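Participant: dropping the sequence and predicted coords here.
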Amino acid sequence: MKKRCQWVSSAQIDMDYHDNEWGIPIYDKFKLFEFLILEGMQAGLSWITILKKRESYRLAFDNFNPYKIAQYNEEKIAKLLENPGIIRNRAKVNAIINNAKCYIQLEQQGIDFSAYLWAFVDGEPKINHWKTHTDIPTTNVNAIAMAKSLKASGFKFVGETICYAFMQAVGMVNDHTKDCFRYKS
């Protein structure tokens, strides 16, 4: 039996996510946007709740295409708030639309979203060497800087804890514990 990070539940969706996604570097700007949005949607909830709803989010939000999302109107928002496949929280739905507009503003300024985010770790994954799950921090200086910059650019639901979880998810930091089969030094 594979030894996994302590946070992983026995649910297959959780194990699959840990084994095949969490901590693997992602450079695609649209996938990064998706993960940033999903991490923000997790606020106050468990990650497995978001994993179970991820496909519904992809369908409801045009596969996280920021150009389409930025065009959403009140009618579309009303439909989203009736969709049981997503978290029906008006502030979170509005944040997704807002963040799509912020994404586009960055691009209009000539800023590549992937390069912008990866710059917070100097373009290279940071490999940590945690012995146990309790050793892993909930934030670090890079996440604090990312949150501050994203907020200054108008993004919502991008606090430092959310940014650190995002950095873990997309492989900017590798926080697999030393006893996990996915740990690589």
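Facilitator: Noted; the coordinates are in hand.

Participant: for this structure, longest helix please?
Facilitator: Secondary structure of the chain per DSSP state H: the longest helix is helix 90-108.

Participant: could you check that one and say which residues are buried?
Facilitator: Residues of helix 90-108 classed as buried: 92, 93, 95, 96, 97, 98, 99, 100, 101, 102, 103, 106 (neighbour count, 16 or more other C-beta atoms under 10 Å). Quick note: C-beta positions are derived from backbone N, CA and C, even for glycine.

Participant: could you dump those residues to JSON lines with pLDDT?
Facilitator: As requested, the buried residues of helix 90-108 are exported to JSON lines (pLDDT from 0 to 100):
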{"residue": "92", "pLDDT": "97"}
{"residue": "93", "pLDDT": "98"}
{"residue": "95", "pLDDT": "98"}
{"residue": "96", "pLDDT": "98"}
{"residue": "97", "pLDDT": "98"}
{"residue": "98", "pLDDT": "98"}
{"residue": "99", "pLDDT": "98"}
{"residue": "100", "pLDDT": "98"}
{"residue": "101", "pLDDT": "98"}
{"residue": "102", "pLDDT": "98"}
{"residue": "103", "pLDDT": "98"}
{"residue": "106", "pLDDT": "98"}
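
Participant: and those residues, which is closest to residue 81?
Facilitator: Using C-beta to C-beta, residue 93 is the member of the buried residues of helix 90-108 that lies nearest residue 81, at 6.4 Å.

Participant: isn't the closest one up against residue 81?
Facilitator: Yes: using C-beta atoms under 8 Å, residue 93 makes contact with residue 81 at a distance of 6.4 Å.

Participant: what about the nearest residue to residue 82 once chain neighbours are set aside, neighbour count?
Facilitator: Among residues not flanking residue 82 along the chain, residue 88 sits closest, at 7.3 Å (C-beta to C-beta, 6 or more residues apart in numbering). Counted with other C-beta atoms under 10 Å, the neighbours of residue 88 add up to 12.

Participant: residues in contact with residue 88?
Facilitator: The contact partners of residue 88, by C-beta atoms under 8 Å, 6 or more residues apart in numbering, come to 80, 81, 82.
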